[in-house]
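Participant: Have a look at this fold, sequence not included:
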DNA sequence: TCCTTTCTTGACTAAACATTCCAAAATTGG
DNA sequence: CCAATTTTGGAATGTTTAGTCAAGAAAGGA
């Protein structure tokens, strides 16, 4: 069991994630992090190395959690197409909070190998699960059969990003729901 | 006519746009700007005010040019649906270069009223032109009649962002073309 | 030619920054 | 209750930053 004195590493990381989501890497200072994480400056450096490693850890943790949440909801429903629908609905519902994945890709593109690796792992995991579920939905006649599951998964993920950017730009819920509806329309 | 000694303000702004596209606002230093723009430090402050005003001017100029390019290609073809198709193709073709519009929305969201205003103007102009062309395509039977032109325009713009993020994340041309194809499929 | 205006250059300031150091306080295991 | 371990917060360090200043070079007009 964890000692009570030591601060909760994952809880602190979650606080860091919140800050990075709102301000990006360059827009976040170590002071902001220390205050939000409610740990001493030295603890931050002892536990996470430096600002960059903390950011990398935050992105990794976020990507893992987000991927897991996606996959979980995707598989929850009996009918594959319902799982897909609920996955999109969830993106709409959560879109008000900035996505750290989108943020880090926007900020760094492919310039940091460490980040690219994190994104690749999450991307592969998510899309593999999606492809299986899409094929299932195709077999059930709920998703158009002429499209490859790979294409469909890529398209949906791109639309997640599109919905999130629209939300960050100020689009309201109805607007986002309309985007989701049309994305779904493309594949059914 | 412009004097020959004075540097070209718009040319310098274009150079600034290039830097901001790649590194964002926070990731760009005034040194980087001065070097890329090939003007003296003092000239930068005299001409553009400060780093933030320069950024705002860059985003505004970029948004205006990008909107204009979109609309121009949208209207070039005789058939409305062909204009729409070519507009999407252009996004795919240019997607390798980071979009400053997407970048600034990602970095600042709605936190800076000055930026929100710039984006709103561009957004309104582009979508108005798109709605007209979409209605035209619907009348010709090339775009599904059951959808409102407003919805379709919003959907396409969101997919532009999705395609651009995918490209920034490393997707190759074939991947982007597939995204474009599916987006078009949703509305035809 | 001289004068005015504009651009450049490099040095400068002052603040913010990430990171390290240190000593005190807190917490735990024994 | 003691000793080892951690956490903390403030001070210190050295770098980077945005922005200013002042002297000089280039150009154009008279």
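Facilitator: Structure received. Here the structure is a predicted model, which means the values were calculated and not measured.

Participant: what are the phi and psi values for residue A:49?
Facilitator: phi 90, psi -90 (degrees, to the nearest 10).

Participant: Now for it: which residues touch it?
Facilitator: With CB atoms under 8 Å, 6 or more residues apart in numbering or on different chains as the criterion, no residue contacts residue A:49. Just so you know, the C-beta spots here come from the backbone N, C-alpha and C atoms, and that holds for glycine as well.

Participant: Look up how far residue A:57 lies from it.
Facilitator: The spacing between residue A:49 and residue A:57, counted by CB to CB, to the nearest Å, is 8 Å.

Participant: what is in contact with the two at once?
Facilitator: Counting by CB under 8 Å, 6+ apart, nothing touches both residue A:49 and residue A:57.

Participant: would you list every one of the helices in chain A?
Facilitator: In chain A, the segments counted as helices under DSSP state H are A:9-23, A:30-37, A:41-48, A:51-76, A:80-94, A:100-108, A:113-139, A:149-168, A:173-187.

Participant: Which of these sits closest to DNA strand D?
Facilitator: Taking CB to the nearest atom of the strand, helix A:41-48 is the member of those nearest to DNA strand D, at 3.1 Å.

Participant: contacts for the closest one?
Facilitator: Under CB under 8 Å, 6+ apart, the answer for helix A:41-48 is A:7, A:9, A:12, A:30, A:33-34, A:37, A:39, A:54, A:57.

Participant: which regions of chain A sit below the pLDDT cut-off?
Facilitator: Chain A contains residues with pLDDT under 70 at A:1-7.

Participant: Give me the residue at the spatial middle of it.
Facilitator: residue A:66 (4.3 Å; CA atoms, centre = their mean).

Participant: for it, what are its contacts?
Facilitator: A:99, A:101, A:122.

Participant: gap between it and DNA strand C?
Facilitator: As for residue A:66, its distance to DNA strand C is 24 Å (criterion: CB to the nearest atom of the strand, to the nearest Å).

Participant: Excluding chain neighbours, what is closest to residue A:26?
Facilitator: With sequence-adjacent residues excluded and distances taken as CB to CB, 6 or more residues apart in numbering or on different chains, residue A:26 is closest to residue B:26, at 3.5 Å.

Participant: surely the one you found meets residue B:107?
Facilitator: Yes - counting by CB atoms under 8 Å, residue B:26 does reach residue B:107; the two are 7.0 Å apart.

Participant: out of these two, which sits in the busier spot?
Facilitator: A direct count of neighbours by other CB atoms under 10 Å in any protein chain shown for residue B:26 and residue B:107 places residue B:107 higher, at 24 against 16.

Participant: burial measure for residue A:141, as a count.
Facilitator: 10.

Participant: any idea how far it is from DNA strand D?
Facilitator: Residue A:141 sits 56 Å away from DNA strand D, going by CB to the nearest atom of the strand.

Participant: Okay, buried residues for stretch A:72-87 please.
Facilitator: Buried residues in stretch A:72-87, counted by 16 or more other CB atoms under 10 Å in any protein chain shown: A:73-74, A:80-81, A:83-85, A:87.

Participant: All set now, cheers.
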